[in-house]
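Engineer: A predicted structure for the sequence below; I have some questions about it.
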Amino acid sequence: MVEIKVLKRPRSEAVVTQRKFFKKTARGKVIKVLRERYLRDDVACGIEGCRECDQGVLPASGDKNHPAFPNGHFILPDTNVFLSQMDLVESPLFNPPIILLQTVLEEVRHRSLPLYNRLKALTKADDKKIWIFYNEYRSETAIIREEGETPNDRNDRGIRKATAWYNEHIKLSRPPIRGQPTPQIPTVVLMTEDSDNRQKAEKAGIPASSVRKYVQSMKNSTQLLDLLSAEGSSEIEPTKAVAGRQSLYPEYLPTSTLLAGVKAGELHQGHFNANQYNYLEGSVHVPAFTKPVLLVGRENMNRAVDGDIVVVEVFEEKEWKAPGDEVVDQDSTLKNDDAEDSADEGDVEDHEVLVKESKFVETTEIRGHDKQPTGRIVGIIKRNWRAYVCHIDSTSLTSSNATSLSQQTVFATPVSRLLPRIRLRTRQAPSLIGQKILVTIDRWDVTSRYPEGHFVRSLGKVESKEAEQESLLLEFEVPYRPFGKAILDCLPELGDQWVVPPKSDSSPEWRDREDFRDLIICSIDPPNCQDIDDALHARPLPNGNIEAGVHIADVSHFVHADTPMDSEAASRGTTVYLVDKRIDMLPSLLGTNLCSLRPFVERLAFSAIWEMTPDAEIVNVRFTKSVIASKAAFTYEEAQIRKDDPHRQDELTQGIRLLNSLAQKLKAKRMAAGALNLASPEVKIQLDSSESSDPIDVEQKELRETNSLVEEFMLLANISVAKKIEETFPQTAVLRRHLPPPRTNFEKLQDILMKRKGMPLDVSSSGALAASLDQCVDINEPAFNTLVRIMATRCMLSAEYFCSGSVGKDTFGHYGLASPIYTHFTSPIRRYADVLAHRQLSAAIGYSPLHASLHSKQHVERVLDVVNRRHRMAQMAGRASVEFYVGLALKARGEREKKNSAEVIEEAFVIRTFRNGLGVFVSKLGIEGLVMFKKDMQFDAENYTITVGTTTLAVFDKVKVRIEVEKDRNTQRGRVKMSLVHPIDSADL
Amino acid sequence: MASRVEILNEGGFRSDGRRQFELRSIEMDMSQQGHADGSAVITHGLTQVQVSVFGPREAKMRSQTIHDRANINVEISIAPFSTGDRRKRSRGDKRILEYAAAIKSTFEPAIQTSLYPRSQIDVFIQVIQQDGGLLQACINGTTLALMNAGVPMIDFICAVSGGVHSTHPLLDLTLLEENDVPNVTIAVMPKTQKVSLVTMETRLHVDRFEEVFRLATEAGLVLHEEMKSAVLGRAKELISSLDMGSNANRGGDVDDDGMTGFN
Ligand SMILES: [Zn+2]
């Protein structure tokens, strides 16, 4: 029985407890806001064994390991410590007991959601001792903002007050007892980087320390000092005359000016995209222009990093330009730049850099038709900085003495070509050479050419599989920690002993489920598939029609809304497939066992059953929860062989044939409706064996009839479910759409196709595009069509999940599939959107009530935002993993060939031409590469050709390239290098 | 956009420092207001309403008279600056009409209307300030004002709002909480523990509903104690001002059963 009581609020407290104020909303409406707050005396201090309070996780005597506090201590950091030194706080080496004030926690949340989430995760971590003290609710520590006080000052005062209270509270709760030694009273230390705040604290007799001072006298100070962000260092080393430095970049405009400018339409806001071919160029998509705004040169990019949300000022139209046609590589251009003092203008080397860079910037000539708006960045709305995987550039070391612990400033080169080099200070530089390391950017001043950052941790040796794998996961922000206890506790108690209970009226599993155990159901998947989401069946009906069924793992039976497992799955969003590793969305007990529709065992399923005419016209569809027992698990190949074997006349084979004939008709209808047959370079990595996982070879994925069979039925199921849930929950249905691409996206491809091949490309609708893609055939070159499809795919937008109530109904359509409505239902084991669709469908058929969160548009939007992001990241991570293995395979092949004094040579298509190079696509390996020439060639941008000597090369030309994997001497980073072999050898060019 | 305020944080505190089952501070002022036969100003946290009761009196409009009992007429007006947007709500506003109708039907079974056929009881509710729990304040205020006016009632009616944040039930919601969680208002008659009103403006899972329902009913009983002592206090005040010490003991010995519906 819970205690219900009325809180009494004495009138005298009204000043502290009530707030009434008027506030202007974004739309300019004035609203009155009322808030009150109840102050209490039962907010616990969190120290174990406290006589006054009942809960506690902090050790009674504090931490006695710090030499400055022999009687033990707790630290009480202010907001800025968490905002700028989170890596330190997260380090396993840093573990004093921490008092986290509510004021601080809320301020962190207000300032940075990612940091807030990291902090929240820490409060739950087993190896950290963090207590959240709700100081704003405790009567002695609650304060109100005083007349003329800024919110910051108010919070600082609150933090000091709480620190003082703690020290008093500890003393009071441990009174000296006669006859016993005086108890040791631990100190609560205010930790702040703000010297003004420290002074005020010290004046009031409150112990305070800066982070650096505190860390310096810790035992592990060397490692921990590296983790300190650069932000705190200027205060410590005022010797460098910061003021004397010259600004390299323009200052940002104040935020209010930016917002006003954007509102007035004079400035434009968007995401900054760096150019991977040219580090001196970037672009920003803004709503006001169809083409992205081009930013040429460092000054115009003004310290933006890929992904930042920036505000740009667009130049006058006469200054508009076409994007550069040259490959500009930062590593080679800037290789002589010195990390220690690259900020100081005027030295000789620096001048050289500037001259080189300005040459690149100026050669960006003004070409007529593909002019793009140009502009410069005048401010940043939001930084999207995170930890980046980098290598240390060995040439930037001043001392490579392995035992040297002197502090050095070095360059870290990010793995991603989209990012600038980062300057960082470390004492461990020599030992970090040849390692993959994680680096965060802390700041980027106008006086510094490069951003400044700090070292977070080492991931391991370059090219070791572990380091590569982890760096990949980090680079794409894939959550890969093992599932925690709270999550595993959500699994069925019986674990892998769980089975579908015997059929009975009283069994909850069997409630409202249809018994499909006798149906001849089978699954068809890639080889070694462990998470079998789907299974199918088909049988003739007495009336001449056909019954077809798609049976999907009933994941929502096991994963309930609002459980730790559910929130984890929602935040993971999707299972991520790397070449040699799978990072599951759900614990493997469910994914690969209880939910996996394995053959010969009974499993719970969610079934969609259609009655179709033999012409694949749908007569009706129904959905039901069911119990199935799959009769076989085929690979695509096995199913194909079985279907094609005329001697096989069993029910299972007949079923596959029925499904196949329906699928062909379904596909024909889809194509007639204008669906696109797109292509992406898909290759398969053959791994040697599970232990060594050395790639033996790369082969292209083969597509069989049975692939298409499964695909058609999955599409059909998804479309049918989408209709049903949208009908039942028009406001919150989880759907997926693919917006039609803006026509301008195709302009370049259309121009190239027309000029090089004389082929038109009609992009007026998906149907027209599909038809004209079919016409893009070069009889002599079968792979040409695939290449065009790949290039066309790149012009399109990506599909996305959305909440039906959040967008106009006329934008529901799926462009690529030419379907007016679509969702994801068929892979709930590995995609979270499917889990939501399952819950909604289950409610739509009246099987279970819909959880309140799925009635809330905001909630669905929030979840889908995350899922969309995870989905994109997972795709990129998967591709990067393939690339890494292709690189390894190439290297291995190169070494084999070398023994026969041969080289790796492959056919490739030219897909881009630059003034000083060629972009090529090697279809056999599914990789793109760059052939660079040492000097500029005769280049015709209008016709996409480049003339080398007497040979002219154009886009779509077929060439032969030599592929080598070479290691960058400085960063130890392996990179694929390509050079032309045919029609000319470019080795010496 | 996600709300920046946590409805229930990990320490178990709500955004105003209360725990899940703590009700906001209540103040009840039953002193005479204007010409009303009975009035009350009730404050739940920052929500404040003033209720004035007139009657039972002769019905003004013939069409509204009921031959065997009194007609209850409820009207609500909302002060323009009482809350959030300074929208002027006319008395014809749909939500206000709904509230008025809900209050009327809540009190019909509790007022002994059959004692006053063909007459009318007017309940005028003025919303002074809103911070969630408006209906609950209106109902509790009306109970007090009716009793103050001496309208015979078979029982108190005590209302409490409740909601569910994720799976955690909360009682007596602020406006901030009402905007965020599915919520209900429940009115109980403590003597019989009969529920005379349940309203829900958002969907709520049935299991969750049962739990909130049970808790809100219990909270109604807690509230009853508060309201009872306020009514008794008012009665004592009146009696002592009537008697002024002469024969204080004769009528002053008020117990629960001594007055209609005071328990
Ligand atoms: Zn304590």
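Structural biologist: Great, that's in hand.
Engineer: count of neighbours near the closest residue to residue A:319 other than its chain neighbours?
Structural biologist: Leaving aside its chain neighbours, residue A:319 sits nearest to residue A:374 (5.8 Å; criterion: C-beta to C-beta, 6 or more residues apart in numbering or on different chains). Bear in mind the C-beta positions are built from the backbone N, C-alpha and C, glycine included. Close neighbours of residue A:374, defined as other C-beta atoms under 10 Å in any protein chain shown, add up to 23.
Engineer: quick one: contacts for residue A:374?
Structural biologist: A:293, A:294, A:295, A:296, A:300, A:314, A:315, A:319, A:320, A:321 (C-beta atoms under 8 Å, 6 or more residues apart in numbering or on different chains).
Engineer: report the beta-bridge partners for it.
Structural biologist: On DSSP bridges, the residues paired with residue A:374 through beta bridges are residue A:294.
Engineer: relative to chain B, how far out is it?
Structural biologist: Counting by C-beta to the nearest C-beta, to the nearest Å, the separation of residue A:374 from chain B is 33 Å.
Engineer: equivalent analysis for residue A:553, please.
Structural biologist: Using C-beta to the nearest C-beta, one gets 25 Å for the distance from residue A:553 to chain B.
Engineer: cool, residue A:611 as well?
Structural biologist: Taking C-beta to the nearest C-beta, one finds residue A:611 at 34 Å from chain B.
Engineer: on the three-state scheme, that residue is what?
Structural biologist: At residue A:611, secondary structure determined by DSSP: H, G, I helix; E, B strand; the rest coil is strand.
Engineer: look at it and report its pLDDT.
Structural biologist: Looking at residue A:611, its pLDDT stands at 96.
Engineer: okay, the nearest residue to it once chain neighbours are set aside: pLDDT?
Structural biologist: The spatially closest residue to residue A:611, leaving aside those adjacent along the chain, is residue A:619, at 4.2 Å (C-beta to C-beta, 6+ apart). Predicted confidence (pLDDT) for residue A:619: 95.
Engineer: can you name the residue of the stretch 151-300 of chain A nearest to chain B?
Structural biologist: Closest approach between the stretch 151-300 of chain A and chain B, counting by C-beta to the nearest C-beta: residue A:151, at 13.9 Å.
Engineer: phi and psi next, for that residue.
Structural biologist: With angles defined as degrees, to the nearest 10, residue A:151 shows backbone torsions of phi -60, psi -40.
Engineer: what residues are up against it?
Structural biologist: Per C-beta under 8 Å, 6+ apart, neighbours of residue A:151: residue A:145.
Engineer: ok, back up a step: ok, the residue nearest to residue A:611 touching residue A:547?
Structural biologist: No - using C-beta atoms under 8 Å, residue A:619 and residue A:547 do not qualify as a contacting pair, with a distance of 9.7 Å.
Engineer: low pLDDT regions in the stretch 1-150 of chain B?
Structural biologist: Across the stretch 1-150 of chain B, residues meeting the criterion (pLDDT under 70) sit at B:1-4, B:81-93.
Engineer: returning to that earlier point: I'd assumed the residue nearest to residue A:611 was in a strand, is it?
Structural biologist: Yes - for residue A:619, which was evaluated using three-state DSSP, the result is membership in a strand.
Engineer: look up how far residue A:554 lies from it.
Structural biologist: The span separating residue A:619 from residue A:554 equals 25 Å under the rule C-beta to C-beta, to the nearest Å.
Engineer: which residues touch the residue nearest to residue A:611?
Structural biologist: For residue A:619, the contacting residues are A:545, A:610, A:611, A:612, A:613, taking C-beta under 8 Å, 6+ apart as the criterion.
Engineer: ok, back up a step: inside strands: which ones of the contacts of residue A:374?
Structural biologist: Residues of the contacts of residue A:374 located in strands (DSSP state E): A:293, A:294, A:295, A:296, A:314.
Engineer: tell me how many other residues crowd the residue of the stretch 751-900 of chain A found nearest the ion.
Structural biologist: Per C-beta to the ion, the residue of the stretch 751-900 of chain A with the smallest distance to the ion is residue A:853, at 36.6 Å. Taking other C-beta under 10 Å as the neighbour definition, residue A:853 ends up with a count of 20.
Engineer: ok, what's across the strand from residue B:189?
Structural biologist: According to DSSP bridges, residue B:194 are recorded as the beta-bridge partners of residue B:189.
Engineer: get me the contact residues on chain A for the ion.
Structural biologist: Within chain A, the positions near the ion by C-beta under 5 Å from the ion are A:45, A:50, A:52, A:53.
Engineer: is it true that residue A:783 touches residue A:923?
Structural biologist: Yes - contact status for residue A:783 versus residue A:923: in contact at 5.2 Å, counting by C-beta under 8 Å.
Engineer: okay, these two: which has more neighbours?
Structural biologist: The residue with more neighbours, out of residue A:783 and residue A:923 and counting by other C-beta under 10 Å, is residue A:923; that gives 19 against 14.
Engineer: tell me the residues of the stretch 151-263 of chain B that contact chain A?
Structural biologist: Applying C-beta under 8 Å from any C-beta of the partner chain, we find that the stretch 151-263 of chain B lies next to chain A at B:164, B:166-167, B:171, B:174-176, B:182, B:202-206, B:208, B:215, B:218-219, B:222-223, B:226.
Engineer: the residues you listed in strands, which ones?
Structural biologist: Per DSSP E, strands hold the following members of these: B:164, B:171.
Engineer: please spell out the ChimeraX selection for the buried subset of the residues of the stretch 151-263 of chain B next to chain A.
Structural biologist: Provided next is the ChimeraX selection string for whichever of those are buried by 16 or more other C-beta atoms under 10 Å in any protein chain shown:
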select /B:164,171,174,175,176,182,204,205,208,215,218,219,222,223,226
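Engineer: so which of the residues of the stretch 151-263 of chain B next to chain A sit within helices?
Structural biologist: With helices identified by DSSP state H, the entries of those that belong to them are B:175, B:176, B:206, B:208, B:215, B:218, B:219, B:222, B:223, B:226.
Engineer: most widely separated two among the residues you listed?
Structural biologist: Among those, the pair separated by the greatest distance (C-beta to C-beta) is B:206 and B:226, at 30.6 Å.
Engineer: which residues does the residue in the stretch 1-150 of chain B positioned nearest to the ion contact?
Structural biologist: Of the residues in the stretch 1-150 of chain B, the one nearest the ion is residue B:11, at a distance of 14.0 Å by C-beta to the ion. By C-beta under 8 Å, 6+ apart, the contact list for residue B:11 reads A:43, A:102, A:132, A:134.
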